[in-house]
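[1] prediction below, plus the sequence it came from.
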Amino acid sequence: MLVLQFLATAAVWGASFLFMKVGLEGLSFVQVVLARLVLGAATLLILLRPMHVRLPRRGVVWLHSTFLAVVQCILPWLLFAWAEQEIDSATASIVNATTPLMTTVLAFAVLPAERPTLLRAAGLLIGFAGIVVVFAPWESGLSGSPRAQLACLGATASYGVALVYLRRFVIPLGVPSLAVATMQIGLAAMMMLVAAPVVASDAVRLDVPVVASTLALGCAGTGLAFLWNTNVVTGWGPSAASTVTYLSPVVGIALGALVLDESVTANAVLGTALIIVGVVVTTRRRAASVAAPPVTR
């Protein structure tokens, strides 16, 4: 059962960038994010009761969740959705795999317990070299516009801030992972709903692919996959569960090629391999001891 949940998580998170790309055919990038937040929040709220999880009442938890709603949901998802207007879904999924690298860099700076070692520094260099190979700046236009590439990196940096913040301020409070996710996604959905009349009033064009992709992105990618990953973390431990990061970009590349006819370049394959190696080298010790809630994709 856990094997199936692990594979389903990798598939859904890897496919999230395909879902965004298809959703953008009928919705603005802001509308895509609004829809995934509302659908994801509804899905997680429904899951709370059968999982016997209650939302905490402490004000400090809600304050932390408000910050996370911005840096772990609204900001990175807006950046990724905006970038996919000018960049392949496969490239976005590859860059997303750099989140552990961004988290490690930020953890070195702000977490006293984190100490840079020669091995982890080497892992960072390998991983970021992979980003350069994927973007291939020496081959103009290969992987999309530079501003879209920077937006994707900004999104993963935002994820990094969120994960470090989780480890520093939220995990010590002992709040269940499902409750943390429900609170931050629910708060993000409410913020976007309030702003919707101003920022998401564009005309929409709904057809079967757009509706199906949006439902999959919200209900599965933002809702169910979090529960599945939490179950895997509980059953296998954080080290084994973290390997979902290695599979997601492979799924993203494959789906981009098969469904959207995106080209699979040697740069993308080599860069992805370097990023995965960098992540493995950088995080293998930390993953064994820290069970941080995963970033929802």
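    Everything's here; your move. Numbering: from 1, shown residues only.

[2] for the stretch 151-297 of the chain, give me the ranges with low pLDDT.
    Applying pLDDT under 70 to the stretch 151-297 of the chain picks out residues 237-240, 284-297.

[3] show me where it has its strands.
    Assigned by DSSP state E, counting those that start in this stretch, the stretch 151-297 of the chain shows no strands.

[4] please enumerate the helices of it.
    When secondary structure is read from DSSP state H, counting those that start in this stretch, the stretch 151-297 of the chain shows helices at 177-199, 208-215, 225-236, 238-241, 244-260, 266-287.

[5] so which of these is nearest residue 2?
    Closest approach to residue 2 among these (C-beta to C-beta): helix 225-236, 4.8 Å. Quick note: C-beta positions are derived from backbone N, CA and C, even for glycine.

[6] restrict that closest one to CA atoms and write it as CSV.
    Presented in CSV, the C-alpha positions along helix 225-236 are these (Å, rounded to 0.1, in the frame of the first residue of the first chain):
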residue,chain,number,x,y,z
ALA,A,225,-0.7,13.7,-2.5
PHE,A,226,0.1,15.4,0.7
LEU,A,227,-1.8,12.8,2.7
TRP,A,228,-0.1,10.0,0.7
ASN,A,229,3.4,11.5,1.3
THR,A,230,2.7,11.9,5.0
ASN,A,231,1.7,8.2,5.2
VAL,A,232,5.0,7.3,3.5
VAL,A,233,7.0,9.5,5.8
THR,A,234,5.3,7.8,8.8
GLY,A,235,5.8,4.3,7.5
TRP,A,236,9.2,4.4,5.8
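
[7] adjust the sequence numbering to begin at 52 for everything that follows.
    Noted, 52 is the first residue going forward, which turns the last one into helix 276-287.

[8] about what we covered before: in JSON lines, list the helices of the stretch 202-348 of the chain along with distance to residue 72.
    Formatted as JSON lines, the helices of the stretch 202-348 of the chain follow (distance: least, C-beta to C-beta, whole Å):
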{"stretch": "helix 228-250", "distance to residue 72": "20"}
{"stretch": "helix 259-266", "distance to residue 72": "8"}
{"stretch": "helix 276-287", "distance to residue 72": "18"}
{"stretch": "helix 289-292", "distance to residue 72": "27"}
{"stretch": "helix 295-311", "distance to residue 72": "6"}
{"stretch": "helix 317-338", "distance to residue 72": "16"}
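
[9] with respect to residue 150, which of those helices lies nearest?
    helix 295-311 (7.3 Å).

[10] which neighbouring elements make contact with the closest one?
    helix 53-74, helix 140-147, helix 317-338 (3 or more C-beta pairs under 8 Å, 6 or more residues apart in numbering; DSSP states H and E).

[11] swap the cut-off to 10 Å and go again
    Contact partners of helix 295-311 among helices and strands, from 3 or more C-beta pairs under 10 Å, 6 or more residues apart in numbering; DSSP states H and E: helix 53-74, helix 140-147, helix 276-287, helix 317-338.

[12] any idea how far the shortest one is from the chain center?
    It stands for helix 140-147. Distance of helix 140-147 from its chain centroid, counting by C-alpha atoms, centre = their mean, to the nearest Å, is 10 Å.

[13] quick one, which of the helices of the stretch 202-348 of the chain is nearest to residue 149?
    Checking the helices of the stretch 202-348 of the chain against residue 149 by C-beta to C-beta gives helix 317-338 as the closest, at 5.9 Å.
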